[in-house]
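Enquirer: what would the 3D arrangement of this be:
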Amino acid sequence: MEIRSPSAVVSGASVFSRVEELHELCGERSILLDLVTDAIVLRSIDGQVKYWNRSAERMYGWLAANAIGRQIVDFLYHIDDPHYQAAIAQTLDRGEWSGDMQLLTREGKSITVASHWYLLAATTASPQSILTIDSDITQHKLLERQFLHAQRLENLGALASGIAHDLNNILTPIVAITELLPLKLKNLDERTQKLLNTLSENSKRGRELVAQILSFARGGDGEHTLLQPRHLLAEVMQIARQTFPRSIEVSLQIENTHLWTLSADANQLHQVLINLCINARDAMPTGGELTLRAENIIISSEYTKLHPHAHSGAYVAITVADTGIGIEPESIEQIFEPFFTTKEIGKGTGLGLSIVRTIVNNHHGFIDVSSQVVGGASRNENRGSQFRLYLPATPPSEGFSHTQIAAKCARSHIPLVGKNELILIVDDEPSIREILSTTIESYQYRTILASNSQQAIELYSQHHGEIQAILLDYMMPGGDPQQTIAQFHSIDPNVRAIVMSGLSADEIEAHTHSETIKAFLAKPFSTQDLLQTLRTVLN
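Expert: Numbers count the residues shown, from 1 in each chain. The predicted structure is shown next:
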């Protein structure tokens, strides 16, 4: 008999029909079949294992001595598994079967294998045995799932910019009208004023949510400002109380009278806290206690030796604690890995905690996690999970106090009222054109309106000596914004353009490099933002 290479044992169809003969020739050690990396198993038609190579031992955990002679459905396959039944039926009918299967190893670990089954016949043509060759593709499938997740996120990022632009165009007139109506209607009763305030607050909240979606989709660092965590925690607590089941008691504990401030992106920290609160809610399906805590912490150099990501200095420690089912010890090291989730299929993407860690790291902070699984001795007041975020703080001695900051802002306050300047407003949305015109005319400006780039260029050609500034929508049908800006500049090199868009300033700057653009307004913007930007540019 011709002896072929190990690869021929795996791929050559002529060798499959003589595996038993090869087995006998090689003796008990089955040297050639033990060299291949795939698991090779030979069993009789009734399922009794006749051969089990070393790769099968490594892949499935059972030694050949424990597998040979046993029924394969007793330890590797489940006889009632529809995939197993389909594989058997097709092998007996067509002589072979190929497909992926989920199998359990001796240690209970689930693996995915690419399996190939072949029906072997003796010279009498009567079936005698089935040969299976399995390749472990668990890691390949994991990488494939991660790639698909990443691809979906990339598509989400592409879609989010377009959707955000449209949503912000819808929100812009709503925000502006809620701020303009109290100026136009002087004698509003208290109830109507409250309704307007509610509409204004929800419009602004909608704007922040769109910003959060864009921040997540782009994965950007965001804009860091000085903020007081007390207010952020109070808002998150209010959202949790309003939206979580009543069986979950939500509380806020501020350990220090004066919490230090943070240099942070408020939207991103809001996203972090909401993610942690949602995880806590899901860990308490029958109810429990969700506690938000914050305190000032000084971390010493001794502490940093135990925590490699920590640096000595001042921190605000924010804790999100629950009395839920807890996290298994073996899972704690994995919970921050992308796409890892302990939730049921379809109920979690495995991205929430990964995003939390990324945002905290971008803020030069770190996270501590402790958890106790419910059951046995853990049924006490300390059960559940605690996520403690350490964020670098700005103690009063290192920065402005709130009083100083307010005084500094007051000194730099810019008068909002115009001086009868003519402003060209260019936007394809009629509602936005009208509300912008009405708003700034209420503050002693004059306006001239254009619905597209061509009309704007014509108007600017006729009145550029009188027009002091242009409010220009960046995304309009039928016009290239860069060309439009260039044409304005060719008419008057001193033109002052304020770009309005639902996109971020970074996205616009990446495509536009023009000194003509003097400022940027992200839709939807407040009346205060609009008027301050106008005055700054005009001054």
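Enquirer: ok, now which ones touch the residue nearest to Phe244 when sequence neighbours are not counted?
Expert: Once its chain neighbours are removed from consideration, Phe244 has its nearest residue in Arg281; the separation is 5.3 Å (CB to CB, 6 or more residues apart in numbering). For glycine as for every other residue, the C-beta is placed from the backbone atoms N, C-alpha and C. With contact set as CB atoms under 8 Å, 6 or more residues apart in numbering, Arg281 has these partners: 240, 244-245, 248, 290, 322.
Enquirer: again with Ala56
Expert: The neighbours of Ala56, taking CB under 8 Å, 6+ apart as the test, are 39-41, 62, 64, 67, 134.
Enquirer: re the thing from before, may I see the buried residues of whichever strand or helix holds the residue nearest to Phe244?
Expert: Assigning secondary structure by DSSP states H and E places Arg281 in helix 266-282. Within helix 266-282, the residues that count as buried by 16 or more other CB atoms under 10 Å are 266-277, 279-282.
Enquirer: where does confidence bottom out across these?
Expert: Minimum pLDDT for the buried residues of helix 266-282 is recorded at Asn267 (79).
Enquirer: what's Pro493 sitting at in phi/psi?
Expert: The main-chain torsion angles of Pro493 are listed as degrees, to the nearest 10 and equal phi -60, psi -20.
Enquirer: pLDDT below threshold where in the stretch 351-500 of the chain?
Expert: Under the criterion pLDDT under 70, the flagged ranges of the stretch 351-500 of the chain are 351-352, 374-382, 395-415, 477-479.
Enquirer: for it, what spans make up the helices?
Expert: Listed in chain order, the helices of the stretch 351-500 of the chain (DSSP state H, counting those that start in this stretch) span 352-362, 402-411, 430-441, 453-463, 481-491.
Enquirer: just give the number of residues close to Lys523.
Expert: The local packing of Lys523 (other CB atoms under 10 Å) involves 26 other residues.
Enquirer: ugh, wrong one, I meant Val49
Expert: Neighbour count for Val49, taken as other CB under 10 Å: 22.
Enquirer: name the helices or strands packed onto whichever strand or helix holds it?
Expert: Mapping Val49 onto the secondary structure by DSSP H and E places it in strand 49-52. Other helices and strands packing on strand 49-52, by 3 or more CB pairs under 8 Å, 6 or more residues apart in numbering; DSSP states H and E, are helix 19-26, strand 39-44, helix 64-67.
Enquirer: I'd like the average pLDDT over it.
Expert: In this model, strand 49-52 has an average pLDDT of 91.
Enquirer: now swap in stretch 244-258 and tell me
Expert: pLDDT averaged over stretch 244-258 gives 86.
Enquirer: for that stretch, which residues meet the burial criterion?
Expert: Neighbour counts over stretch 244-258 (16+ other CB under 10 Å) mark 244, 248, 250, 252 as buried.
Enquirer: part of a strand, is the last one?
Expert: The one in question is Leu252. Yes - with DSSP: H, G, I helix; E, B strand; the rest coil as the criterion, Leu252 is located in a strand.
Enquirer: wait, it sits on Glu235?
Expert: No - the criterion here is CB atoms under 8 Å, and Leu252 misses it with Glu235 at 10.4 Å.
Enquirer: could the buried residues of stretch 244-258 be laid out in CSV, adding distance to Leu226?
Expert: Listed next are those as CSV, based on distance: CB to CB, whole Å:
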residue, distance to Leu226
Phe244, 30
Ile248, 32
Val250, 27
Leu252, 21
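Enquirer: what does the domain assignment say about this structure?
Expert: 6-136, 224-401, 413-538 (automatic domain parsing).
Enquirer: show me the shaky parts of the stretch 101-250 of the chain.
Expert: Per-residue confidence of the stretch 101-250 of the chain (counting by pLDDT under 70) places the weak regions at 122-127, 146, 149-150, 152-162, 165, 208-209, 211-223.
Enquirer: for Ser135, which non-adjacent residue is closest in space?
Expert: The spatial neighbour of Ser135 that comes closest, neighbours along the chain excluded (CB to CB, 6+ apart), is Ala114 at 4.6 Å.
Enquirer: hang on, the earlier thing: closest one of the buried residues of helix 266-282 to Gln528?
Expert: Ala266 (17.3 Å; CB to CB).
Enquirer: residue contacts, the residue nearest to the closest one when sequence neighbours are not counted?
Expert: Using CB to CB, 6+ apart and skipping the chain neighbours, the partner closest in space to Ala266 is Leu227 (5.3 Å). Contacts here follow CB under 8 Å, 6+ apart; on that basis Leu227 touches 261-264, 266, 269.
Enquirer: of all the residues you listed, which comes closest to Arg106?
Expert: Checking the contacts of Leu227 against Arg106 by CB to CB gives Leu269 as the nearest, at 46.2 Å.
Enquirer: so the closest one sits right up against Ile359, yeah?
Expert: Yes - contact criterion CB under 8 Å: Leu269 and Ile359 qualify, at 7.3 Å.
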